[in-house]
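> Give me a model of this one.
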Amino acid sequence: MTETIADATPTPTTEAAGTTKSAGHVIVDTLVAHGIKRAHVVPGESFLDVLDGLHNSPIETIVCRHEGGATYMAEADGKMNQRPGIAMVTRGPGAANAHVGLHTAWQDSTPMVLFVGLIPFAHRDREAFQEFDIKAWFDTGAKRVMVLDHAERASEIVAEALFAAMNGRPGPVVIGLPEDVIRQQIPTELHPPIPVATGGMTTVDSDALATALAAASKPLFVTGGNDWTQEGADQLTKWLEKHHIPAAAEWRTQGTVPFDSPSYVGPIGYGRPRPTYDLLEETDLLIFVGTVPGDVITDGFLCRQDWSKKNFLVTIDPSLRGRSGPVSYQIVAKPDVFIRDLAKIELPVNGEWKPWTARMRGEQEAFATLPTAAPSPGKARMDTLMAHLVPTLPADAMVTLGAGEHTNWAHRYFPTQRYASMISARNGSMGYSVPSAIAASLEYPGRRVVTIAGDGEFLMNGQELATAAQYGATPLVIVMDNQEYGTIRTHQERHYPSRVSGTQLKNPDFALTAQAFGGFGIRVEQDADVPAALAAALQAIDHDKVFALIHLVVEQRVKAY
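From the prediction side, this is the model:
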């Protein structure tokens, strides 16, 4: 089975015979014809002709304040859609700054295309201003790196890049655009979308899976990756609940099976609750869908390494890149088509499945029970904030996360009820929270988007709040300020106890920063003030239509679990 980038992709058209345009304009026309809605840009003189092509284009151009922020937004956009996110940056320093988003897309298997303006073709290999070797820089961290050396191939190269970003295991693709080449006039004929194979179960696959399930007394599904649709997530949830089979979520991908489903038994990853971790060893049949058992899930390639264990891996990537531990069977399929075929299997319910699932579900419910909403004396607490925030959230609320111990409050309490209701960086990249929240708010302007940022993380890309104000994004930004790089401090205390070094921070007033950028900001130091601060922030979002930031000053060393 195959699919194209978007069901509503316009049919590429050819203008009048003999008509020409610049290659830069043809690049934009190709993106439009392939269903791209948004480009995240830090401008540079090296790709002015592409910027000019965007001028009257239906593509929304999001002008960002840093290339890292632009690529994070593009990467988040790719996570939320069945098409690649798009970023555009300039050569040399711009390309260097963009690398962090590229690495996130690589490790998170996110479809993304990064356009990089280059020096003129005629200046190559002369150490021209901002010259760099694009293939040497990006070849090990991208699925493909292409350079448009022949203007007439502009539309073909873009179509090929979009295809490569989505085909097989999704990931980032880089296109280099020499400044002089994109100005050349070429024919306007556009390359059509290239269908992407989605795989599916053969009858042999179905028989093997049915046999394994029938023999299992404690089966467990693990969902992950970004290659899902809501329809596929709904169908899997219905099937799991019908058969009383549990499902855990790969680290920072919660929401595929809803938070309140009787089959959902929690996240697996760093900082996970212990019962969920134990599931990996206790289950007698582990079925990964959309992901593989990698470093984080297996606790550094330690858990479930016994090759007598039964692991079924469902992934469109035949190479199983990043896989650790036993492989009993691989099914080459994207999640949606696998679940379509799974639903056709006639499978009687094993009497042992219901109590097995109920036990793990009970532990998850206890773990996710909200703390008391009554404020406590003293400094502000994230527990109090979550206790007041969660009851206000609509069913389609989204949360975005960067990296740090502050994210564990969302892992534990945030009610992720839909696919892609948790957008995060699974490569542990700091600075992702604010850009991803902006991307989510722009993509879904009617939804409640919340991001939880640490104080160390916030200042890495907090300046993108200017982008939020410019384009009307309205996320709720919670900055948990414990005056330290908390995760690193935890590791430090474990390995070098009582020798705190290089992890302590002195912070500005983040609320004033938010106000300076044109949003609502409020600083909260006492727990008693948390409820009123949250109410004021939500009021600003809903009635003033601005983003809101809560600067929560908390005690050090207080954790979600």
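
> tell me which element residue 211 is part of?
helix 203-215 (DSSP states H and E).

> what mean pLDDT does that helix have?
Averaging pLDDT along helix 203-215 yields 97.

> what does stretch 534-544 give?
98.

> Extract the CA atoms of that stretch and return them as PDB.
Provided in PDB are the C-alpha atoms of stretch 534-544 (Å, rounded to 0.1, in the frame of the first residue of the first chain):
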ATOM      1  CA  LEU A 534      -3.200  30.300  36.700                       C
ATOM      2  CA  ALA A 535      -6.700  31.800  36.400                       C
ATOM      3  CA  ALA A 536      -5.300  35.100  35.300                       C
ATOM      4  CA  ALA A 537      -3.000  33.400  32.700                       C
ATOM      5  CA  LEU A 538      -5.900  31.400  31.200                       C
ATOM      6  CA  GLN A 539      -8.000  34.600  31.100                       C
ATOM      7  CA  ALA A 540      -5.300  36.400  29.200                       C
ATOM      8  CA  ILE A 541      -5.100  33.600  26.600                       C
ATOM      9  CA  ASP A 542      -8.900  33.100  26.200                       C
ATOM     10  CA  HIS A 543     -10.000  36.800  26.300                       C
ATOM     11  CA  ASP A 544      -7.000  38.900  25.300                       C
END
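
> roughly how far is it from the heart of the chain?
26 Å (C-alpha atoms, centre = their mean, to the nearest Å).

> hang on, the earlier thing: what's next to the helix holding residue 211, contact-wise?
201, 219, 285, 287, 310, 312, 328-329, 331, 341-342, 344-348, 350 (C-beta atoms under 8 Å, 6 or more residues apart in numbering). In short, each C-beta sits where N, CA and C put it, glycine included.

> Quick check: phi and psi at residue 22.
phi -70, psi 150 (degrees, to the nearest 10).

> likewise residue 349?
phi -80, psi 130.

> Do I have it right that it meets residue 241?
No. If you go by C-beta atoms under 8 Å, residue 349 and residue 241 don't touch, sitting 11.0 Å apart.

> Mind checking which of the two has more residues around it?
Applying other C-beta atoms under 10 Å to residue 349 and residue 241 shows that residue 241 carries more neighbours, namely 16 against 11.

> ok so, going back, so how far is the helix holding residue 211 from its chain's centroid?
32 Å.

> Tell me which residues of it come out buried.
By 16 or more other C-beta atoms under 10 Å, the buried positions in helix 203-215 come out as 205, 206, 208, 209, 212, 213.

> residue ranges with poor pLDDT in the stretch 351-500 of the chain?
Scanning the stretch 351-500 of the chain for pLDDT under 70 picks out nothing.

> Strands along that one, start to end?
398-401, 422-424, 449-454, 476-481 (DSSP state E, counting those that start in this stretch).

> what about stretch 165-178, distance to the chain center?
With C-alpha atoms, centre = their mean, you get 16 Å for stretch 165-178.

> Endpoints of that stretch, how far apart?
One end of stretch 165-178 sits 21 Å from the other (C-alpha to C-alpha, to the nearest Å).

> Tell me where the model's unsure across the stretch 151-300 of the chain.
271-277.

> just checking, residue 357 touches residue 245?
Yes. Using C-beta under 8 Å, residue 357 is in contact with residue 245, at 6.3 Å.

> hey, what's in contact with both of the two?
residue 263.

> where does residue 146 land in three-state SS?
Three-state assignment for residue 146 (DSSP: H, G, I helix; E, B strand; the rest coil): strand.

> Tell me what it is bridged to.
residue 175 (DSSP bridges).

> sorry, back to before: show the buried residues in the contacts of helix 203-215.
201, 219, 285, 287, 310, 312, 328, 329, 331, 341, 342, 350.

> So which of those residues are in helices?
When the buried ones among the contacts of helix 203-215 are checked against helices (DSSP state H), the matches are 341, 342.

> Export the buried ones among the contacts of helix 203-215 to a markdown table and append columns for distance to residue 363.
Putting these into a markdown table (distance: C-beta to C-beta, whole Å) gives the following:
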| residue | distance to residue 363 |
| --- | --- |
| 201 | 32 |
| 219 | 17 |
| 285 | 20 |
| 287 | 20 |
| 310 | 23 |
| 312 | 24 |
| 328 | 26 |
| 329 | 29 |
| 331 | 29 |
| 341 | 31 |
| 342 | 26 |
| 350 | 21 |
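
> For residue 423, state which of the buried ones among the contacts of helix 203-215 is nearest.
The shortest approach to residue 423 among these belongs to residue 287, at 24.5 Å (C-beta to C-beta).

> and that closest one, what are its bridge partners?
Under the criterion used here (DSSP bridges), residue 287 is bridged to residue 221, residue 312.

> roughly how far apart are it and residue 345?
12 Å (C-beta to C-beta, to the nearest Å).

> what about residue 307, how many neighbours?
Neighbours of residue 307 (other C-beta under 10 Å): 10.

> hang on, it in a helix?
No. Going by three-state DSSP, the assignment for residue 307 is coil, not a helix.

> is it true that it touches residue 324?
No. Residue 307 lies out of contact with residue 324 (C-beta under 8 Å); the separation is 11.4 Å.

> Spit out the contact partners of residue 433.
Residue 433 neighbours (C-beta under 8 Å, 6+ apart): 400, 401, 402, 451, 452, 453, 457, 458, 461, 477.

> again, only this time at 7 Å
400, 401, 402, 451, 452, 453, 457 (C-beta atoms under 7 Å, 6 or more residues apart in numbering).

> and of those, the nearest to residue 107?
Nearest to residue 107 among the contacts of residue 433, with distances taken as C-beta to C-beta, is residue 402, at 14.0 Å.

> Against residue 57, how distant is the closest one?
31 Å.

> Repeat that for residue 429.
30 Å.

> Between these two, point out the one with more neighbours.
When residue 429 and residue 57 are compared for neighbours, residue 429 comes out ahead with 21 against 16, by other C-beta under 10 Å.

> Disregarding residues adjacent in the polypeptide, which is nearest to that one?
Distances taken as C-beta to C-beta, 6 or more residues apart in numbering put residue 104 closest to residue 429, at 5.0 Å, once the chain neighbours are dropped.

> Same question for residue 401.
Leaving aside its sequence neighbours, residue 401 sits nearest to residue 424 (C-beta to C-beta, 6+ apart; 3.9 Å).

> and that neighbour, how many residues sit next to it?
With other C-beta under 10 Å as criterion, residue 424 counts 28.

> Return the residues in contact with it.
Residue 424 makes contacts with 252, 400, 401, 432, as judged by C-beta under 7 Å, 6+ apart.

> shouldn't the last one be in contact with residue 425?
Yes. Counting by C-beta atoms under 7 Å, residue 432 sits close enough to residue 425 to count as a contact (4.1 Å).

> can you list residues touching both of those two?
Joint contacts of residue 432 and residue 425 (C-beta under 7 Å, 6+ apart) are 104, 402.
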